[in-house]
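S.K.: quick one: sequence plus predicted model below, questions after.
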Amino acid sequence: MPSSPDATTVPAPTAAAPARRRMLPLPSRPGRRGHEARPVGAVVALTLLGVVVLVALLGPALSPYSSITVSGPPDLAPFSAGHWLGTDHLGFDIATRVVEGARTSLYAACVVTLGSAVFGLALGTLAGMAGGWVDQVLMRLTDLFLAFPATIVAMAVAMGLGPSLSSSMIGIAVIWWPLYARLTRGEVRRVASSPHVEAARLSGTRGLTLVRRHVVPSVLPTVVVTASMDIGGVIAMLAGLAFIGLGSPEPAPELGLMASSGMQYILGSWWIAVIPGIAVGLLSLLFTYTGDALRSLLRGTGA
Amino acid sequence: MTRTDRPALRVDGLTVRYLTKGGPVVAAADVDLRVAPGQCLGLVGESGSGKSTLGLAVQGLLTREEQVATEGVVAIADRELDPGDERGWGQVRGHLVTTVFQDPMASLDPTMTVGRMLTWVTRDKQESLRWLEEVEIREPKVVLRSYPHQLSGGMRQRVMIAMALARRPAVLVADEPTTALDVSVQAQILSLLRREQDRLGCGLLFVTHDLGVARTMCDDVAVMRHGRIVERGPSAQVFDAPQDEYSRRLVASRLTLDTDRARPVGPPEPTVVASMSEGLAQPEPESLTRRWSAGELTWASFAAPEPERRRPPALELVAVTKSFRTGGLLGSREKQVLHGIDLTVEPRQSVALVGESGSGKSTILRIAAGLEQADGGDVVIDDRGGAGVQVVPQDAGASLTPWRTVEQLLLERLGNTPEGTGLTDAERSARIRLALERVALDPDQVLRRKAGQLSGGQRQRVAIARAVVVPPALLLCDEPTSALDVSVACTVLNLLNLLRQQLGLSILFVTHDLAAARVIADRVDVISDGRIVERVDAGDLSDSMTSAYGRRLLDAVLP
């Protein structure tokens, strides 16, 4: 059996794949097509993201209605006067509730992703820099979390804490951080043995300063890009948990919950369930594109 | 093949422009070349001179590059071709013109055996075997069944040569064919190339940055600079009596075993002169330059006063051993790389550790730097003479953290030493400016830059500045000049010598190049297979070297 000489130090495949995508400071070689092309897609994605964030921030101020009070006749179809996206079975304005729901989703997803990324980054860096048994213990712990089906774990945690938005956020964070820990650890291990870190060590820099100045900046772009793509996934998962009743209770304006409660009217008033569903899809898609955009922008700067 | 008086390779008015964001960059400007059958033409120059571009153009390797504009004609064995147009190259490239590249590992297919690759060219197993015998590979039958990674660098290059010549080309292009090889292998490969080329009578275009190699190898040389040929002629004439100003400087920068050790090497370099003027009786740059050119400037005039008391050695290694574990989970085994090394570097002494790759010289350096732990023996460092141990690495570019500026890196080093912590911000800033000036860099120009924005020579000097901004007790140099152009290498050696005198540094200089070693060191220790085989005074290297291995290294330094 062929055995690679450093079989024990090769990062796990999941960690290696994103690492290869990393934006290395490529020397700008002359004579390559696309070198000068402006990242049009990137600009579009970031602009759209800006609009969505702005709408979410301004949310309540944009609508004359409240998201949790009756504002018109029930079951009004989309494009009705005064209610662009119609009303639901109780007469709540769907447009107002979708904006409010998007606002909640964005906030929750950002908090969850940021939290998991920071925690995973810290743990992964510690494991990668320390090596030896610390690395072993931390990585086996990570494996433990990755070994169970993610959705089931998130559901179990949310259920255990009692259905609410914060429970489902915690549930998702619990399954999300190990991915960052692994990603970071692989990258840190690679950078830690690179000549510039060795040189910094020789010049007398140690401990946290060494990590902060000479190691983390090379991991950060990868983590930031991955995180911005992950926000979309987290939004979808939050909606999923809310859909099966593990998020906030009725009548909270949460996209997953709206879709779920609209399901019983799907034959008569399809829009009550479908419009929040579309909103979830679009938000997820937007963040996937944003991640791509960030990656191409970061590559441009050689960060 | 019929012999004619027509040149094997003719290049007329070749101009190559790379179209970049900042406008076109001319890599070759109106170049004319002739290589007769059986002639070897050396194309020498420093990086960026356009020699490699020219090498690519005559192989028709620029035809598919977008953003490259070419003019002129390349004629190979009377076939006129357009270097910018793919038409016609198909029957020429790999047939009439073949190549030996610098890195044979990158040019050989790792998934094929040598036999398969070679037979693809020769179309006959017996013929392949005969070619391997021709290039003097030991055990050719075994090599035929081997994969490239199972061969040594020298053997791979022999295989490359066999493959290139088996096509019976009219022109062979050799692009730095020995740069990646150990010095003692280099000579064998060169004589093999020359012999085979004579036998087959093909023209050889030999691209190299190494003037010594060009001189031994080539009938004629062309010196390139900024895409132009500035001088051409028979090698002996160009090297012994260069006419052009630039070739004169290039030839003067070459280190041999006869280079004067007591004086700065190479022609006067303004930036080095500027950093010399500190603390001298006659500090004017003009007079320094004049004395340098006249050979009146000796290192002794820069020496800092000797301290009164004798100090213990800066570095003392006693019976140091080290082994590494190789192999994976299965078949792992210990490989001993150091077998009881004894090595002492006295204060203010400079010792060169000379050996080939795999001899263990870098391991010694890493142990002295504290980057590896010795398995046995004692490592004693007396750091009362300065602030710890510092390293000047071979690849300075990789040793500078890419996102930190030069200023940040130097301040960081300064702040980490007891000497630096006591200083105010203004004093620290003055201190790093001085360090940069000492290595002949303009502080205003480089302080805010990052490694990616510096040239190779600048990076090397920044690495030195970082190492000496607070003078270390021991300075370890790991082949600091081997990746540099000759003139830049000269500057770096001069600067190291200057710093050594001014700051009274103790230096351990690891290298494979005896010519560089004898310029920088007081003593040369020769290491082979993890044992120090010889210890000689750098002053009379050629006379006092007695060990067989030492003589081999000595012979590898081209005259």
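M.R.: Nice, thanks for sending it over.
S.K.: need the longest helix for chain A.
M.R.: Of all segments of type helix in chain A, defined using DSSP state H, the longest is helix A:94-130.
S.K.: who does that one touch, helix- and strand-wise?
M.R.: helix A:40-62, helix A:132-147, helix A:165-192, helix A:216-243, helix A:255-262, helix A:271-301 (3 or more CB pairs under 8 Å, 6 or more residues apart in numbering or on different chains; DSSP states H and E). (C-beta placed from N, C-alpha, C; glycine too.)
S.K.: of those helices, which is nearest B:Ser506?
M.R.: B:Ser506 sits nearest to helix A:165-192 of all those, at 29.5 Å, using CB to CB.
S.K.: with mean pLDDT added, can I get the helices and strands packed on helix A:94-130 in a markdown table?
M.R.: Below are these laid out as a markdown table (pLDDT from 0 to 100):
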| stretch | mean pLDDT |
| --- | --- |
| helix A:40-62 | 84 |
| helix A:132-147 | 92 |
| helix A:165-192 | 92 |
| helix A:216-243 | 91 |
| helix A:255-262 | 89 |
| helix A:271-301 | 85 |
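S.K.: relative to B:Glu139, which of these is closest?
M.R.: helix A:165-192 (38.2 Å).
S.K.: who does that closest one touch, helix- and strand-wise?
M.R.: So helix A:165-192, by 3+ CB pairs under 8 Å, 6+ apart, packs with helix A:13-20, helix A:94-130, helix A:132-147, helix A:150-161, helix A:216-243.
S.K.: identify each buried residue in that helix, please.
M.R.: By neighbour count with 16 or more other CB atoms under 10 Å in any protein chain shown, helix A:165-192 contains the buried residues A:165, A:167-192.
S.K.: and the angle from that helix to helix A:150-161?
M.R.: Computed by axes from the mean of the first three to the mean of the last three CA atoms, to 10 degrees, the angle separating helix A:165-192 from helix A:150-161 equals 130 degrees.
S.K.: quick check, the helix or strand following helix A:165-192 touching chain B?
M.R.: Next helix or strand after helix A:165-192 toward the C-terminus (DSSP states H and E): helix A:195-202. Yes: interface with chain B: helix A:195-202 contributes A:195-202 (CB under 8 Å from any CB of the partner chain).
S.K.: between helix A:195-202 and helix A:94-130, how big is the angle?
M.R.: 60 degrees.
S.K.: need the contact list for the nearest residue to A:Val216 once chain neighbours are set aside.
M.R.: In this structure, A:Val216 finds its nearest non-sequential neighbour in A:Thr125, 6.5 Å apart by CB to CB, 6 or more residues apart in numbering or on different chains. Neighbour list for A:Thr125: A:184-185, A:188, A:211, A:215-216, A:219 [criterion: CB atoms under 8 Å, 6 or more residues apart in numbering or on different chains].
S.K.: any idea of the pLDDT on A:Thr125?
M.R.: A:Thr125 carries a pLDDT value of 94.
S.K.: equivalent analysis for B:Gly203, please.
M.R.: 91.
S.K.: correct me, but A:Pro78 touches A:Leu85?
M.R.: Yes: here A:Pro78 reaches A:Leu85: they are 5.1 Å apart, a contact under CB atoms under 8 Å.
S.K.: more neighbours, the two?
M.R.: Using other CB atoms under 10 Å in any protein chain shown as the criterion, A:Pro78 and A:Leu85 rank with A:Leu85 on top: 22 against 16.
S.K.: quick check, that one in a helix?
M.R.: No: under DSSP: H, G, I helix; E, B strand; the rest coil, A:Leu85 sits outside any helix and is assigned coil.
S.K.: so what's it up against?
M.R.: A:78, A:93-95, A:98, A:271, A:275.
S.K.: residues contacting residue 180?
M.R.: Since you didn't name a chain, this refers to chain A. A:116-117, A:119-121, A:124, A:223, A:226-227.
S.K.: hm, I was asking about chain B
M.R.: Applying CB under 8 Å, 6+ apart, the residues contacting B:Ala180 are B:102-104, B:153.
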